[in-house]
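Peer 1: here's a sequence, model it:
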Amino acid sequence: MSRKEHSSILIIYTGGTIGMIQNAETGALESFNFDHLLKHVPELKQLNINIDAITFDPPIDSSDMEPELWSRIVSIIEENYDSYDGFVILHGTDTMSFTASALSFMLEDLMKPVVLTGSQLPIGALRTDGKENLITAIEIAAAKNAEGHPMVPEVCVFFHENLMRGNRTTKINSESFGAFGSNNYPNLAKAGTDIQFFTRNIRKYVPGLKLKAHHEYNSNIVIFSLFPGIQQEVVEKLLGAKELKGIIFRTYGAGNAPQKKWLIDALSKATAEGKIIINITQCAGGSVHMERYETGLQLLEAGVISGKDSTVEAALTKLMYLLGKDLPIEEVRRRMSISFAGEISV
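Peer 2: The predicted structure follows:
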């Protein structure tokens, strides 16, 4: 059959455990040539889907993932956007949520599926989770509704039966096959004997939208977490760094911080200097409500912005994206408070 009679999917293999094989002599994991994919997953031939692959050379351990590599992924999708029905990105698990979040902002008006997946065990291992994750991710990327539109026209993560909005995910377990969670947003789909799509949770397909790819970013940002006993000198030195443009401020509970004058003074000084501070809760789920307690109100008065129910990964990559556009500070502050790609609840 011709390509037009089948869905066509482009796999972008960046690296990660899913593409590793075990050295028989040393037991160490090593990258293998992704052209050997069909040897390890012959079931792909039964999908009736045209599959092509682009491989990073050399493959990237996800610990080495950087914003310029996000831009490289964006370029690949942009260049191949009209030729494929969807994209599957194979990625290491450690920074997958950062990449998924970044792509959700860098691929503006995306109307095709971009599904990130990987595995906890190499795809050639006896008990691998890689086969199920890969096969189902491809099926999801190729899925269309009765009108012929993509079922999931957004950036998402598929792992261990669950399809999640990419910019809502966080890696929650380093060993379990259920490595990712989406605490503040429900799943987009569930894979069992069939794939059940929860259409009410999925971004709506809008006919005629054209992809706008963005490559700018500014990574002069730090993630700063509160803890009991935090020291004034360290905080003041960190917030006073001249190169610093933004701070993801991980606070307690609903966005609370200790009532220490020196801390509020340091935060106020940083915002007065044009640094953007986003308040994100350290809790696994829930939202920031700085107006609820005095310990949160003091942060509002210091110019700190509520990150609402964003993940750290989404807040960080969104701020990188906006700072890269050289927008006025007040415009960046305004845009951090609104949802671009479903990353915060409205």
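Peer 1: all contacts plus neighbour counts: C-alpha atoms, from now on.
Peer 2: Will do.
Peer 1: show me where the stretch 51-200 of the chain has its helices.
Peer 2: 67-80, 96-106, 130-142 (DSSP state H, counting those that start in this stretch).
Peer 1: ok, which of those comes nearest residue 334?
Peer 2: helix 96-106 (15.7 Å; Cα to Cα).
Peer 1: what angle sits between the closest one and helix 67-80?
Peer 2: Counting by axes from the mean of the first three to the mean of the last three Cα atoms, to 10 degrees, helix 96-106 lies at 50 degrees to helix 67-80.
Peer 1: now do helix 96-106: which elements does it pack against?
Peer 2: Secondary-structure packing of helix 96-106 (3 or more Cα pairs under 8 Å, 6 or more residues apart in numbering; DSSP states H and E): helix 67-80, strand 155-159, strand 170-171, helix 312-323.
Peer 1: quick one: average pLDDT of it?
Peer 2: The average pLDDT for helix 96-106 rounds to 97.
Peer 1: gap between that helix and the chain center?
Peer 2: When distances are taken as Cα atoms, centre = their mean, to the nearest Å, helix 96-106 is centred 3 Å away from the chain's centroid.
Peer 1: which residues are contacting it?
Peer 2: If you take Cα atoms under 8 Å, 6 or more residues apart in numbering as the criterion, helix 96-106 is touched by 62, 70, 74, 116, 154-157, 166-171, 212-215, 313-314, 317-318, 321, 340-341.
Peer 1: alpha carbons of that helix, as PDB, please.
Peer 2: This file holds the C-alpha atoms of helix 96-106, laid out as PDB (Å, rounded to 0.1, in the frame of the first residue of the first chain):
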ATOM      1  CA  MET A  96      12.100  13.600  30.000                       C
ATOM      2  CA  SER A  97       9.600  15.900  31.800                       C
ATOM      3  CA  PHE A  98      11.900  18.900  31.200                       C
ATOM      4  CA  THR A  99      12.100  18.200  27.500                       C
ATOM      5  CA  ALA A 100       8.300  17.500  27.200                       C
ATOM      6  CA  SER A 101       7.600  20.800  29.000                       C
ATOM      7  CA  ALA A 102      10.000  22.800  26.800                       C
ATOM      8  CA  LEU A 103       8.600  21.400  23.600                       C
ATOM      9  CA  SER A 104       5.100  22.300  24.600                       C
ATOM     10  CA  PHE A 105       6.100  25.900  24.600                       C
ATOM     11  CA  MET A 106       8.600  25.800  21.700                       C
END
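Peer 1: surely residue 286 is in contact with residue 310?
Peer 2: No - counting by Cα atoms under 8 Å, residue 286 does not reach residue 310; the two are 9.1 Å apart.
Peer 1: of those two, which one has the most company?
Peer 2: residue 310 (27 against 17; other Cα atoms under 10 Å).
Peer 1: what's the neighbour count on the closest residue in space to that one that isn't next to it in sequence?
Peer 2: Spatially, and ignoring its direct neighbours in sequence, residue 310 is nearest to residue 344 (5.3 Å; Cα to Cα, 6 or more residues apart in numbering). Residue 344 has 22 neighbouring residues, counting by other Cα under 10 Å.
Peer 1: assign residue 344 to helix, strand or coil.
Peer 2: coil (DSSP: H, G, I helix; E, B strand; the rest coil).
Peer 1: contacting residues around it?
Peer 2: Shown in contact with residue 344 (Cα under 8 Å, 6+ apart): 308, 309, 310, 338.
Peer 1: again, 10 Å this time
Peer 2: Taking Cα atoms under 10 Å, 6 or more residues apart in numbering, we find residue 344 in contact with 167-168, 184-185, 287, 307-311, 314-315, 336-338.
Peer 1: for residue 90, name its beta-bridge partners.
Peer 2: Going by DSSP bridges, residue 90 is paired in beta bridges with residue 13, residue 117.
Peer 1: give me the pLDDT for it.
Peer 2: 93.
Peer 1: what separates it from residue 58, distance-wise?
Peer 2: 14 Å (Cα to Cα, to the nearest Å).
Peer 1: all strands of the stretch 101-250 of the chain, in order?
Peer 2: Ranges of strands within the stretch 101-250 of the chain are 107-108, 114-117, 155-159, 162-165, 170-171, 180-181, 189-191, 195-197, 212-213, 221-225, 246-251, based on DSSP state E, counting those that start in this stretch.
Peer 1: can you put those strands in a markdown table and add distance to residue 302 and mean neighbour count?
Peer 2: As requested, the strands of the stretch 101-250 of the chain are arranged in a markdown table below (distance: least, Cα to Cα, whole Å; neighbours: other Cα atoms under 10 Å):
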| stretch | distance to residue 302 | mean neighbour count |
| --- | --- | --- |
| strand 107-108 | 32 | 20 |
| strand 114-117 | 38 | 30 |
| strand 155-159 | 34 | 29 |
| strand 162-165 | 32 | 27 |
| strand 170-171 | 29 | 20 |
| strand 180-181 | 32 | 23 |
| strand 189-191 | 41 | 20 |
| strand 195-197 | 43 | 16 |
| strand 212-213 | 35 | 15 |
| strand 221-225 | 16 | 17 |
| strand 246-251 | 13 | 24 |
